[in-house]
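Engineer: predicted model and sequence follow; I will ask about them next.
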Amino acid sequence: MADRSTAAVDVADTSGEEPLTAKAGASTGDGKSRERDTAPQSTEETDRAGSSAAVSAPELHSGHKLARRYRLEECLTRLDGFSSWRAVDEKLRRAVGVHLLPAEHPRARSVLAAARSAALLGDPRFVQVLDAVEEDEIVYVVHEWLPDATELTALLASGPLEAHDVYQLAQQISQAMAAAHREGLSHLRLNPSAVLRTSTGQWRVRGLAVNAALRGIEVDSPQRTDTEAIGALLYAALTQRWPYEDDAYGLSGLPKGMGLIAPDQVRAGVHRGLSELAMRALVNDGSTASRQESPCTTPDELVRAIAEMPRIRPPEPVFTAPPEYQRTSFQQGSYGRPAPRAAQTAPVVVPPPPLQTRTGKVLKWGVAALLIAALGLGSWQLADALMDRDTPKQPETSQPADTTDEKPKIATHKITGAAEYAPDGSPQNADSVSNTYDGDSSTYWRSRSFVDGPRLAPYKQGVGIVYDLGAEKNVSAASIGLRYAGDRTTVELYAADSLSSGTPVGSMKKIGTTTTQSTTAKVDAKEAVTTRYVVVWLTHVPQAPGDQYSGSGYKQAITDVKLRG
C-alpha cells in the first residue's frame, strides 16, 4: 500500500558545475529555481572529477523504464559521468527522483553503499532513499520527490528568515545530522540547496551520504565539516549573506579582507543568541564576536548548545485595525427624506376645557360603569369565600415530584485555527483544512486515495488535522462529519501541545476513539481532558469510488468537526 501522490526529491546538487537543462535559475527536481553554486571545490574533489570525466553518463531518454517500473520523465542534471532525472513510479503511481551512472564508473560502488546506508537510517527528517540497484550495466538510486517543499535558496531570495524560523532550522537540522553521525553517516555537501522546508514547516535534508559519494568527496573530520556547514546555513538565514568572501547560492559574500564578522554586526535586529550560535559553529577556535564560548565541533555539541538557549516563540499574528465604520445616508435617516420647507405660521387653536368635549363625556361615563362593575364582582367573590370556609375540605392526594435530573448541556467550542497533522512530512491536502470548521457541510478536507485498506499502517500511520481552540478548554466529546460511508472509518482524538506535526501521536494524551461505517463519527471520552490543541487522527478509511480529485481506492474526507466539553 502507498499514498498515490507521495512526493520526494533528491536531485543532484550542481555546485560549481553547469547543469544540462539550463544555466543559473533553471528548474530543479522539486519545481523550484536553482541558483548556480559558486562555492570553490576542494583539490581532492577536482582531481576525482577529472579522473571520472572519461566515463560518460548513460545515454538514456525520456520514456525509458528501469526495472519495468520507474519511467524517466525529465533529465535535470548531467555532469561528471552521472545524471539526475525526474521519474514516475508506475507501480505506486507517484513521482520520484533518480540518479543514474554507469556500472564501470569509479564511484559506482561507493554510491551504492552510501545510498543503501542512508536508506537504512529511516529518519523522516531526511529525504528518503527508496531503492538502490545495479542492473544492465547501470547503477541507479531512487529517492523521494517533494513537490510541496521549497529550497532554502529560494526562501532567502526574498530576504532573511524570522528568528523563530532560524531557531527551528538550527534545531531540526542539527538533531537530524547528530542522528546520522551516530549511525556513521555524514553529508559533506550540506548547503542551502540541500535543505528544504515543507508546507507544514518541517525542515528536511536531502542527499545524505549520496551527494558526497557522487562527487567522491572524503574528509578527515566529517563531523566538524557538517557542523561548520550548519553554521553557514544559520549565518545565511540570519543575514541573507554567505559567510565567506565568494558569492554562492544566490547570496553575496562578505566584504574582501574583513574576515568573518558576527551576523548581528552585518545586519541590524539579528537575534543575539542565534548570532552567537552561528559563530560557535563557524569559528571553531572558540572565539566569538561578543563572548568567549566553547566552539561547537560536532552536531551533538550544537544540539546541546541549542537546548541551553531560551526557546524562541513564533511571532504573534498582526491584525490590522478595520477602517472606521462610516454610516450611510440611509442609516442616518436622510434617504428619501424631502427637503425641509420654509416654516409657516399656523393659527393657534385653543383646546376646550378637560372632559367638556364629546369624547371626554363618553370617557367619564365609561369609567363610572367600570367602577360599578368592579364593586359588584368584588362583593360576589367575598360572599363565595365565606361560603367555602364553612364547607369541609377533602384530603388532597399528593403527587410525587418529578425528580428526573436533566443532563447538563455540553458547550461546543469555537475553533480558531487548524493545520494538517503530517508527522511523516507528506501532507494530504493542507490548503483545505479550514473547510472542516467553516460551518458549510458542502466543503471538506480530503485525503489522497490509497491502494490498500481500510487500515493505513504500516506504510502510513494515519492522516489527520490538529485544531486550535484559542485557549485551554475541557474536551470530552467530538462530532466529525465524513464524506464517505463504508467499511470502515476509525477516528482517534488526541491532546496536542501545538499546531506542529513534529510530535508523534504516541507521545500525546489520548482523549477517545470510535469506529463507524456511516458519514458521522462521534467520539466520547471517559473523562474530560484540558487542552488547547486537539488532533483528529484517521487510522482506517473506507473504499470509495473515484471523483474529480482522485481515483477509486481507500480514502476519506472530513466535512465538519465540532469539539465539545
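Structural biologist: Nice, thanks for sending it over.

Engineer: so, low pLDDT: which residues of the chain?
Structural biologist: Low-confidence regions of the chain, defined here as pLDDT under 70, cover residues 1-58, 284-292, 318-321, 324-358, 360, 383, 386-409.

Engineer: for the residue nearest the centre of it, list the residues it contacts.
Structural biologist: Averaging the C-alpha coordinates of the chain gives a centre point, and the residue nearest to it by C-alpha atoms, centre = their mean is residue 200 (2.6 Å). By C-beta atoms under 8 Å, 6 or more residues apart in numbering, residue 200 lies in contact with 419-420, 422, 425, 427, 430, 500-501. Backbone N, C-alpha and C define where each C-beta goes, glycine included.

Engineer: list buried members of those by neighbour count.
Structural biologist: Buried by 16 or more other C-beta atoms under 10 Å: 419-420, 422, 425, 427, 430, 500-501, out of the contacts of residue 200.

Engineer: residue 298 contacts residue 180, doesn't it?
Structural biologist: No: if you go by C-beta atoms under 8 Å, residue 298 and residue 180 don't touch, sitting 11.7 Å apart.

Engineer: please say which of those two ends up with more neighbours.
Structural biologist: The neighbour count for residue 298 versus residue 180, taken as other C-beta atoms under 10 Å, is higher for residue 180 (24 against 20).

Engineer: who are the packing partners of the helix or strand that one falls within?
Structural biologist: Assignment of secondary structure by DSSP states H and E places residue 180 within helix 163-182. With contacts defined as 3 or more C-beta pairs under 8 Å, 6 or more residues apart in numbering; DSSP states H and E, helix 163-182 has these neighbours: strand 203-205, helix 222-239, helix 272-282, helix 299-308.

Engineer: and those: which comes nearest residue 484?
Structural biologist: Closest approach to residue 484 among these (C-beta to C-beta): strand 203-205, 31.2 Å.

Engineer: beyond the closest one, next helix or strand please.
Structural biologist: helix 210-215.

Engineer: roughly how far out does that following helix sit from the chain middle?
Structural biologist: For helix 210-215, the distance from its own C-alpha centre to the chain's C-alpha centre is 31 Å (C-alpha atoms, centre = their mean, to the nearest Å).

Engineer: over to stretch 251-265?
Structural biologist: Going by C-alpha atoms, centre = their mean, the spacing between the C-alpha centre of stretch 251-265 and its chain's C-alpha centre is 34 Å.

Engineer: send over stretch 166-184 as CSV, restricted to the C-alpha atoms.
Structural biologist: Output for stretch 166-184, consisting of C-alpha atoms alone and laid out as CSV, is shown next (Å, rounded to 0.1, in the frame of the first residue of the first chain):
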residue,chain,number,x,y,z
VAL,A,166,16.0,30.2,12.1
TYR,A,167,15.7,28.6,15.5
GLN,A,168,13.6,25.7,14.0
LEU,A,169,16.1,25.3,11.2
ALA,A,170,19.0,25.1,13.7
GLN,A,171,17.2,22.7,16.0
GLN,A,172,15.8,20.3,13.4
ILE,A,173,18.9,20.2,11.1
SER,A,174,21.4,19.8,14.0
GLN,A,175,19.3,17.0,15.5
ALA,A,176,19.0,15.2,12.2
MET,A,177,22.8,15.4,11.5
ALA,A,178,23.5,14.2,15.0
ALA,A,179,21.3,11.2,14.5
ALA,A,180,23.0,10.5,11.2
HIS,A,181,26.6,10.7,12.6
ARG,A,182,25.6,8.3,15.4
GLU,A,183,24.9,5.8,12.7
GLY,A,184,28.3,6.6,10.9
